[in-house]
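Engineer: Here is the input, now give the coordinates:
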Amino acid sequence: MKRRLSKAIFPVAGLGTRFLPATKSIPKEIMTLVDRPLIQYAIDEARAAGVREFIFVTSRGKSALEDYFDHAPELEAALRRAGKTELLETLKATNMESGAIAYIRQHRPMGLGHAVWCARRLVGDEPFAVILPDDVIDAETPCLKQMVEAFEETGGNIVAAMEVPPARTSAYGILDIAEDRDPLVAVRGMVEKPAPGTAPSNLAVIGRYILTPAIMGHLNRIKGGAGGEIQLTDAIAREIEETGNVYGFRFRGRRYDCGSKAGFLQATVAFGLARADLGPEFWDYLVEMVAMRRAAQ
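Structural biologist: Numbering: from 1, shown residues only. Sure thing, here's the model as predicted:
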């Protein structure tokens with residue numbers, strides 16, 4: 001009998017150094033696209049996919065994440081007194097009930113695989129998702145929900161994948177495809193950041209995974225590589241070698257790399273334009289800015 005996906009791991013222990021000085025005092029995951037933090041997009045996506053248990057792998061200086069998902073009685077009371085019911089409902093959507101969310105410390109930065117491994121006791125013998133909040137995906141059907149449907153069909157490990165230009169394959173983990181059954185692909189191997197011209201395909205892995213408990217077993221046996229880091233891709237590669245039970249999934253939607261400043265700005269523009277209350281005014285401003293830039297050239 002296939003187990004339903006109900007748990008998700010959110011690795012949020014990183015220092016966010018690319019966004020200093022902003023991240024000196026706030027976690028990167030709290031930085032906002034328009035008016036929602038990155039982590040809220042990730043949580044909403046997980047909820048839409050049926051996830052009910054949320055596991056945060058954090059580090060020192062991340063207490064703002066815990067505060068964000070807590071209830072704020074004084075603020076809620078103030079909004080209620082002011083009759084701001086719409087804002088009150090928006091605020092309530094950020095609350096997490098007691099017991100739904102757990103926080104685990106990753107005491108040393110030892111790689112994504114190690115961060116996932118830190119949650120092993122809470123995952124137990126169940127399948128679980130891994131969501132990287134840096135990857136924000138704009139999709140009509142949330143990306144993880146699309147993947148859950150594929151997981152229910154295969155019961156195997158599934159990694160989200162997107163096609164990238166051949167010149168960009170060296171920046172990603174790339175899938176070696178055994179069989180293409182679009183949108184699913186059976187995976188023969190994974191190559192992390194292949195040298196230019198050597199990539200087995202242009203299908204790149206991005207920050208969404210549905211994994212079986214066997215992956216935790218592989219992580220238990222992996223020794224740290226350069227810098228002592230334990231990589232999740234190494235554990236997935238072992239599962240491919242032993243069982244072949246790994247699939248890539250071409251999701252429908254657009255991914256924004258909000259771990260980079262350029263990607264964060266692109267996402268801000270896209271999500272801002274999509275808002276009915278902001279889009280028209282924002283569009284007029286962008287048109288004006290483009291016209292001024294062209295006139296200055």
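Engineer: End to end on stretch 129-142, go ahead and measure it.
Structural biologist: By C-alpha to C-alpha, to the nearest Å, the extent of stretch 129-142 from end to end equals 14 Å.
Engineer: Show me where the chain has its helices.
Structural biologist: For the chain, helices defined by DSSP state H occupy the ranges 38-48, 63-68, 73-81, 85-92, 112-117, 120-123, 143-154, 214-221, 232-242, 261-274, 279-296.
Engineer: Let me know which of the ones you listed is the nearest to Phe19.
Structural biologist: Among the helices of the chain, the nearest to Phe19 by C-beta to C-beta is helix 261-274 (7.1 Å). For the C-beta atoms, the positions are set from N, CA and C on the backbone; glycine is no exception.
Engineer: for that closest one, packing partners?
Structural biologist: strand 32-33, strand 135-138, strand 254-257, helix 279-296 (3 or more C-beta pairs under 8 Å, 6 or more residues apart in numbering; DSSP states H and E).
Engineer: ok, now with 6 Å
Structural biologist: The contact analysis (3 or more C-beta pairs under 6 Å, 6 or more residues apart in numbering; DSSP states H and E) places helix 261-274 against strand 32-33, strand 254-257, helix 279-296.
Engineer: could you check the angle helix 38-48 makes with that helix?
Structural biologist: 60 degrees (axes from the mean of the first three to the mean of the last three C-alpha atoms, to 10 degrees).
Engineer: tell me the mean pLDDT over helix 261-274?
Structural biologist: Mean pLDDT, computed over helix 261-274, is 96.
Engineer: now stretch 103-114
Structural biologist: Stretch 103-114 shows a mean pLDDT of 87.
Engineer: Can you mark which positions in it are buried?
Structural biologist: Tyr103, Ile104, Gln106, Met110, Gly111, Leu112, Gly113, His114 (16 or more other C-beta atoms under 10 Å).
Engineer: The helices of the chain: which one's closest to Ile9?
Structural biologist: Among the helices of the chain, the nearest to Ile9 by C-beta to C-beta is helix 112-117 (5.7 Å).
Engineer: Just the CA trace of that closest one, in PDB.
Structural biologist: Output of helix 112-117 as PDB, limited to C-alpha atoms (Å, rounded to 0.1, in the frame of the first residue of the first chain):
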ATOM      1  CA  LEU A 112      21.700  20.000   1.900                       C
ATOM      2  CA  GLY A 113      21.900  16.300   2.400                       C
ATOM      3  CA  HIS A 114      22.900  16.800   6.000                       C
ATOM      4  CA  ALA A 115      20.100  19.300   6.600                       C
ATOM      5  CA  VAL A 116      17.600  16.700   5.300                       C
ATOM      6  CA  TRP A 117      19.200  14.000   7.500                       C
END
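Engineer: Least confident secondary structure element in this protein?
Structural biologist: Lowest mean confidence among the helices and strands of the chain (mean pLDDT, DSSP states H and E): helix 63-68, at a mean of 84.
Engineer: Can you check which of the helices and strands packed on helix 261-274 gets nearest to Asp138?
Structural biologist: With C-beta to C-beta as the measure, strand 254-257 is the member of the helices and strands packed on helix 261-274 nearest Asp138 (4.9 Å).
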